[in-house]
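Visitor: got a predicted structure here, sequence first:
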Amino acid sequence: MSPEAVSAEVVPAGEDAEGEDAQGVDAVESDVAEEAVEEERRDEGGRGRAPELPEDADISILDPEVKQELRGLPKGLAEIVGRHLAAAGMLVDSEPELALEHARYARTKAARVGVVREAAGLTAYHAGEWAEALSELRAARRMSHGAGHVAVMADCERALGRPERAIELAREAQSLKLDPEEAVELRIVAAGARRDMGQLDAAVVALQGDDLDAKRRDPWSARLFYAYADNLAAAGRTEEAIRWFLNAAQADDDNETDAAERAFELGPQD
(Lines give C-alpha, C1' and ligand atoms only; values in the text may rest on other atoms or scores of the structure.)
Protein backbone atom coordinates (compact mmCIF):
# COMPACT_ATOMS: atom_id res chain seq x y z
CA MET A 1 0.00 0.00 0.00
CA SER A 2 1.33 3.41 -0.93
CA PRO A 3 2.27 5.78 1.94
CA GLU A 4 1.04 8.78 -0.01
CA ALA A 5 -1.10 11.25 1.89
CA VAL A 6 -4.85 10.90 1.34
CA SER A 7 -6.32 13.90 -0.41
CA ALA A 8 -9.60 14.72 -2.12
CA GLU A 9 -9.06 16.36 -5.47
CA VAL A 10 -11.74 18.13 -7.49
CA VAL A 11 -10.63 18.34 -11.09
CA PRO A 12 -12.46 20.83 -13.35
CA ALA A 13 -13.72 19.55 -16.66
CA GLY A 14 -11.37 20.00 -19.58
CA GLU A 15 -7.95 18.64 -20.39
CA ASP A 16 -6.00 21.85 -19.71
CA ALA A 17 -7.45 22.37 -16.26
CA GLU A 18 -6.71 18.75 -15.35
CA GLY A 19 -3.11 19.11 -16.45
CA GLU A 20 -2.61 22.33 -14.46
CA ASP A 21 -4.05 20.78 -11.26
CA ALA A 22 -1.94 17.67 -11.63
CA GLN A 23 1.18 19.77 -12.05
CA GLY A 24 0.25 21.79 -8.98
CA VAL A 25 -0.25 18.69 -6.84
CA ASP A 26 3.02 17.19 -8.08
CA ALA A 27 4.84 20.40 -7.24
CA VAL A 28 3.42 20.51 -3.72
CA GLU A 29 4.26 16.85 -3.08
CA SER A 30 7.77 17.39 -4.43
CA ASP A 31 8.30 20.40 -2.18
CA VAL A 32 7.04 18.51 0.88
CA ALA A 33 9.26 15.53 0.14
CA GLU A 34 12.31 17.75 -0.34
CA GLU A 35 11.51 19.60 2.88
CA ALA A 36 11.30 16.35 4.83
CA VAL A 37 14.57 15.03 3.40
CA GLU A 38 16.30 18.34 4.10
CA GLU A 39 15.00 18.31 7.67
CA GLU A 40 16.44 14.84 8.18
CA ARG A 41 19.79 16.03 6.84
CA ARG A 42 19.78 18.92 9.29
CA ASP A 43 18.98 16.53 12.12
CA GLU A 44 21.90 14.33 11.15
CA GLY A 45 24.26 17.18 11.97
CA GLY A 46 22.63 18.18 15.26
CA ARG A 47 21.42 16.76 18.54
CA GLY A 48 18.48 15.03 16.88
CA ARG A 49 20.79 13.14 14.53
CA ALA A 50 19.02 10.36 12.66
CA PRO A 51 20.40 6.87 13.35
CA GLU A 52 21.78 5.22 10.25
CA LEU A 53 19.19 3.17 8.43
CA PRO A 54 19.89 -0.43 7.39
CA GLU A 55 19.69 -0.81 3.63
CA ASP A 56 16.70 -3.14 3.80
CA ALA A 57 14.70 -0.92 6.18
CA ASP A 58 11.92 -0.20 3.74
CA ILE A 59 8.41 1.06 4.42
CA SER A 60 7.03 -1.81 2.34
CA ILE A 61 7.78 -4.31 5.12
CA LEU A 62 5.46 -2.57 7.60
CA ASP A 63 2.04 -3.97 8.44
CA PRO A 64 -0.75 -2.63 6.21
CA GLU A 65 -2.43 -0.98 9.22
CA VAL A 66 0.74 0.97 10.00
CA LYS A 67 1.17 2.10 6.41
CA GLN A 68 -2.45 3.15 6.31
CA GLU A 69 -2.04 5.41 9.34
CA LEU A 70 1.18 6.90 7.96
CA ARG A 71 -0.75 8.00 4.88
CA GLY A 72 -1.97 10.94 6.94
CA LEU A 73 1.56 12.37 6.75
CA PRO A 74 3.10 14.17 3.76
CA LYS A 75 4.60 11.63 1.38
CA GLY A 76 8.27 12.43 2.05
CA LEU A 77 7.80 12.48 5.79
CA ALA A 78 5.80 9.24 5.74
CA GLU A 79 8.69 7.58 3.91
CA ILE A 80 11.23 8.73 6.49
CA VAL A 81 9.10 7.78 9.49
CA GLY A 82 8.17 4.46 7.91
CA ARG A 83 11.77 3.50 7.24
CA HIS A 84 12.78 4.21 10.84
CA LEU A 85 9.82 2.20 12.12
CA ALA A 86 10.86 -0.63 9.82
CA ALA A 87 14.40 -0.45 11.20
CA ALA A 88 13.07 -0.55 14.76
CA GLY A 89 11.08 -3.68 13.96
CA MET A 90 14.06 -5.35 12.33
CA LEU A 91 16.42 -4.65 15.23
CA VAL A 92 14.16 -4.96 18.27
CA ASP A 93 15.13 -8.57 19.09
CA SER A 94 18.85 -8.42 18.31
CA GLU A 95 19.74 -4.80 19.15
CA PRO A 96 16.90 -3.30 21.22
CA GLU A 97 18.82 -0.15 22.19
CA LEU A 98 19.54 0.68 18.55
CA ALA A 99 15.95 -0.17 17.65
CA LEU A 100 14.82 2.32 20.27
CA GLU A 101 16.95 5.04 18.67
CA HIS A 102 15.04 4.53 15.43
CA ALA A 103 11.67 4.48 17.19
CA ARG A 104 12.51 7.65 19.11
CA TYR A 105 13.56 9.37 15.92
CA ALA A 106 10.29 8.40 14.23
CA ARG A 107 8.46 9.81 17.24
CA THR A 108 10.20 13.18 16.91
CA LYS A 109 8.88 13.35 13.35
CA ALA A 110 5.32 12.14 13.93
CA ALA A 111 4.38 12.34 17.60
CA ARG A 112 0.69 12.75 16.77
CA VAL A 113 0.44 9.45 14.91
CA GLY A 114 -0.85 6.66 17.13
CA VAL A 115 1.08 3.78 15.53
CA VAL A 116 4.32 5.72 15.92
CA ARG A 117 3.74 6.17 19.65
CA GLU A 118 2.75 2.51 19.90
CA ALA A 119 5.95 1.41 18.16
CA ALA A 120 8.02 3.69 20.39
CA GLY A 121 6.37 2.20 23.47
CA LEU A 122 6.85 -1.41 22.48
CA THR A 123 10.45 -0.81 21.45
CA ALA A 124 11.17 0.96 24.74
CA TYR A 125 9.67 -2.04 26.54
CA HIS A 126 12.01 -4.44 24.76
CA ALA A 127 14.93 -2.14 25.62
CA GLY A 128 14.00 -2.16 29.31
CA GLU A 129 12.96 1.51 29.41
CA TRP A 130 9.85 0.87 31.46
CA ALA A 131 8.77 4.43 32.25
CA GLU A 132 9.22 5.54 28.65
CA ALA A 133 7.34 2.50 27.37
CA LEU A 134 4.44 3.18 29.73
CA SER A 135 4.26 6.84 28.73
CA GLU A 136 4.27 6.07 25.01
CA LEU A 137 1.70 3.28 25.26
CA ARG A 138 -0.59 5.49 27.32
CA ALA A 139 -0.38 8.13 24.60
CA ALA A 140 -1.07 5.56 21.88
CA ARG A 141 -4.04 4.27 23.85
CA ARG A 142 -5.53 7.76 24.15
CA MET A 143 -5.12 8.31 20.43
CA SER A 144 -6.65 5.00 19.38
CA HIS A 145 -9.38 4.87 22.07
CA GLY A 146 -8.80 1.11 22.17
CA ALA A 147 -7.59 -1.46 24.66
CA GLY A 148 -3.96 -0.83 23.77
CA HIS A 149 -1.20 -3.14 24.94
CA VAL A 150 -2.61 -3.37 28.44
CA ALA A 151 -0.58 -6.47 29.39
CA VAL A 152 2.65 -4.72 28.43
CA MET A 153 1.58 -1.62 30.34
CA ALA A 154 0.83 -3.72 33.42
CA ASP A 155 4.21 -5.43 33.12
CA CYS A 156 5.89 -2.01 33.00
CA GLU A 157 4.13 -1.11 36.25
CA ARG A 158 5.53 -4.30 37.79
CA ALA A 159 9.02 -3.51 36.55
CA LEU A 160 8.74 -0.03 38.08
CA GLY A 161 7.94 -1.59 41.45
CA ARG A 162 4.23 -0.83 41.36
CA PRO A 163 2.50 -4.24 41.34
CA GLU A 164 -0.70 -2.77 42.78
CA ARG A 165 -1.06 -0.60 39.67
CA ALA A 166 -0.57 -3.66 37.47
CA ILE A 167 -3.44 -5.36 39.28
CA GLU A 168 -5.56 -2.22 38.91
CA LEU A 169 -4.94 -2.22 35.16
CA ALA A 170 -5.98 -5.88 35.01
CA ARG A 171 -9.21 -5.06 36.82
CA GLU A 172 -9.97 -2.16 34.50
CA ALA A 173 -9.34 -4.39 31.49
CA GLN A 174 -12.17 -6.71 32.51
CA SER A 175 -14.54 -4.28 30.80
CA LEU A 176 -12.44 -4.22 27.63
CA LYS A 177 -12.71 -6.55 24.67
CA LEU A 178 -9.28 -8.19 24.59
CA ASP A 179 -8.25 -10.88 22.17
CA PRO A 180 -7.62 -14.25 23.88
CA GLU A 181 -3.83 -14.05 23.73
CA GLU A 182 -3.75 -10.55 25.22
CA ALA A 183 -6.14 -11.66 27.98
CA VAL A 184 -3.87 -14.59 28.86
CA GLU A 185 -0.78 -12.37 28.91
CA LEU A 186 -2.60 -9.99 31.24
CA ARG A 187 -3.48 -12.87 33.58
CA ILE A 188 0.18 -13.91 33.65
CA VAL A 189 1.28 -10.37 34.50
CA ALA A 190 -1.43 -9.99 37.15
CA ALA A 191 -0.33 -13.28 38.73
CA GLY A 192 3.23 -12.01 38.79
CA ALA A 193 2.07 -8.82 40.47
CA ARG A 194 0.27 -10.84 43.14
CA ARG A 195 3.46 -12.79 43.67
CA ASP A 196 5.47 -9.57 43.96
CA MET A 197 3.15 -8.59 46.80
CA GLY A 198 3.64 -11.92 48.56
CA GLN A 199 0.17 -13.18 47.67
CA LEU A 200 1.34 -16.58 46.47
CA ASP A 201 -1.96 -18.45 46.63
CA ALA A 202 -3.76 -15.57 44.89
CA ALA A 203 -1.12 -15.68 42.13
CA VAL A 204 -1.98 -19.35 41.49
CA VAL A 205 -5.72 -18.66 41.45
CA ALA A 206 -5.25 -15.73 39.05
CA LEU A 207 -4.07 -18.12 36.33
CA GLN A 208 -6.87 -20.64 36.63
CA GLY A 209 -9.50 -20.79 33.90
CA ASP A 210 -11.05 -22.97 31.24
CA ASP A 211 -7.93 -22.74 29.11
CA LEU A 212 -5.73 -24.14 31.89
CA ASP A 213 -6.23 -27.62 30.50
CA ALA A 214 -3.29 -29.92 29.80
CA LYS A 215 -5.03 -31.16 26.66
CA ARG A 216 -5.33 -27.67 25.15
CA ARG A 217 -2.93 -26.56 22.46
CA ASP A 218 -3.61 -22.86 22.01
CA PRO A 219 -0.76 -20.63 20.81
CA TRP A 220 -0.35 -19.42 24.39
CA SER A 221 -0.76 -22.77 26.18
CA ALA A 222 2.95 -23.33 26.84
CA ARG A 223 3.36 -19.88 28.39
CA LEU A 224 0.23 -20.24 30.49
CA PHE A 225 1.17 -23.72 31.74
CA TYR A 226 4.70 -22.54 32.50
CA ALA A 227 3.50 -19.50 34.44
CA TYR A 228 1.09 -21.66 36.41
CA ALA A 229 3.84 -24.17 37.24
CA ASP A 230 6.21 -21.38 38.25
CA ASN A 231 3.68 -19.89 40.66
CA LEU A 232 2.83 -23.34 42.06
CA ALA A 233 6.53 -23.83 42.78
CA ALA A 234 6.73 -20.44 44.49
CA ALA A 235 3.74 -21.41 46.64
CA GLY A 236 5.50 -24.62 47.72
CA ARG A 237 3.21 -26.94 45.75
CA THR A 238 6.12 -28.84 44.24
CA GLU A 239 4.42 -31.98 42.92
CA GLU A 240 1.76 -29.96 41.10
CA ALA A 241 4.47 -27.64 39.78
CA ILE A 242 6.42 -30.57 38.30
CA ARG A 243 3.29 -31.86 36.58
CA TRP A 244 2.51 -28.50 35.03
CA PHE A 245 6.11 -27.89 33.97
CA LEU A 246 5.90 -31.20 32.12
CA ASN A 247 2.58 -30.13 30.58
CA ALA A 248 4.26 -26.91 29.47
CA ALA A 249 7.17 -28.84 27.93
CA GLN A 250 4.77 -31.02 25.94
CA ALA A 251 2.91 -27.95 24.66
CA ASP A 252 6.12 -26.05 23.84
CA ASP A 253 6.69 -27.14 20.24
CA ASP A 254 9.07 -24.23 19.59
CA ASN A 255 11.22 -24.83 22.69
CA GLU A 256 10.68 -21.30 23.95
CA THR A 257 10.76 -22.28 27.63
CA ASP A 258 13.00 -24.30 29.94
CA ALA A 259 9.99 -26.19 31.29
CA ALA A 260 11.59 -29.64 31.07
CA GLU A 261 14.69 -28.45 32.93
CA ARG A 262 12.56 -26.84 35.64
CA ALA A 263 10.63 -30.08 36.11
CA PHE A 264 13.88 -32.02 36.45
CA GLU A 265 15.32 -29.55 38.96
CA LEU A 266 12.22 -29.81 41.16
CA GLY A 267 12.13 -33.62 41.02
CA PRO A 268 13.79 -35.91 43.55
CA GLN A 269 17.56 -36.06 43.07
CA ASP A 270 19.55 -39.27 43.64
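Guide: Okay, I see it. Numbering: from 1, shown residues only.
Visitor: in the helix or strand hosting Asn231, what's buried?
Guide: For Asn231, the host element (DSSP states H and E) is helix 221-234. Going by neighbour count (16 or more other C-beta atoms under 10 Å), the buried part of helix 221-234 is 221-233. Glycine gets a C-beta too; all of them are placed from N, C-alpha and C.
Visitor: run the angle between whichever helix or strand comes after that helix and helix 221-234 for me.
Guide: Going down the chain from helix 221-234, the next helix or strand is helix 238-251, by DSSP H and E. Taking axes from the mean of the first three to the mean of the last three C-alpha atoms, to 10 degrees, one finds helix 238-251 and helix 221-234 inclined to each other by 160 degrees.
Visitor: from the contact counts, what lies against helix 238-251?
Guide: Packed against helix 238-251, as judged by 3 or more C-beta pairs under 8 Å, 6 or more residues apart in numbering; DSSP states H and E, are the following elements: helix 221-234, helix 259-266.
Visitor: which strands and helices sit next to the longest one?
Guide: Using 3+ C-beta pairs under 8 Å, 6+ apart, the elements in contact with helix 221-234 are helix 180-196, helix 200-206, helix 238-251, helix 259-266.
Visitor: buried residues, the last one. List them.
Guide: Taking 16+ other C-beta under 10 Å as the basis for neighbour counts, the residues of helix 259-266 that come out buried are 259, 262-263, 266.
Visitor: got the domain ranges for the chain?
Guide: Segmentation of the chain into domains, based on automatic domain parsing, reads 27-146, 147-206, 207-270.
Visitor: point out where this protein drops to low pLDDT.
Guide: Scanning the chain with the threshold set as pLDDT under 70 gives 1-48, 270.
Visitor: would you map the helices across the protein?
Guide: For the chain, the helices defined by DSSP state H cover 15-44, 64-70, 75-91, 96-109, 114-126, 130-144, 150-159, 163-172, 180-196, 200-206, 221-234, 238-251, 259-266.
Visitor: tabulate the ones you listed in JSON lines, adding columns for distance to Glu55.
Guide: What follows is those, written out as JSON lines (distance: least, C-beta to C-beta, whole Å):
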{"stretch": "helix 15-44", "distance to Glu55": "16"}
{"stretch": "helix 64-70", "distance to Glu55": "20"}
{"stretch": "helix 75-91", "distance to Glu55": "10"}
{"stretch": "helix 96-109", "distance to Glu55": "14"}
{"stretch": "helix 114-126", "distance to Glu55": "20"}
{"stretch": "helix 130-144", "distance to Glu55": "27"}
{"stretch": "helix 150-159", "distance to Glu55": "30"}
{"stretch": "helix 163-172", "distance to Glu55": "40"}
{"stretch": "helix 180-196", "distance to Glu55": "33"}
{"stretch": "helix 200-206", "distance to Glu55": "46"}
{"stretch": "helix 221-234", "distance to Glu55": "35"}
{"stretch": "helix 238-251", "distance to Glu55": "39"}
{"stretch": "helix 259-266", "distance to Glu55": "39"}
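Visitor: and the buried residues of helix 221-234, which is closest to Ala124?
Guide: Comparing the buried residues of helix 221-234 against Ala124 with C-beta to C-beta places Arg223 closest, at 22.1 Å.
Visitor: who's in contact with that closest one?
Guide: For Arg223, the contact set (C-beta atoms under 8 Å, 6 or more residues apart in numbering) comprises 184-185, 188, 248, 256-257.
Visitor: for Ala131, state which of these is nearest.
Guide: Closest to Ala131, out of all of the contacts of Arg223 and judged by C-beta to C-beta, is Glu185, at 20.3 Å.
Visitor: can you tell me how far Arg262 is from Leu169?
Guide: 28 Å (C-beta to C-beta, to the nearest Å).
Visitor: Ile242: neighbouring residues, count only.
Guide: Residues near Ile242, counting by other C-beta atoms under 10 Å, number 20.
Visitor: which residues are in contact with it?
Guide: Contact analysis of Ile242 by C-beta under 8 Å, 6+ apart lists 229, 263, 266-267.
Visitor: check Asn231 too.
Guide: Asn231 neighbours (C-beta under 8 Å, 6+ apart): 191, 195, 200, 203-204, 207.
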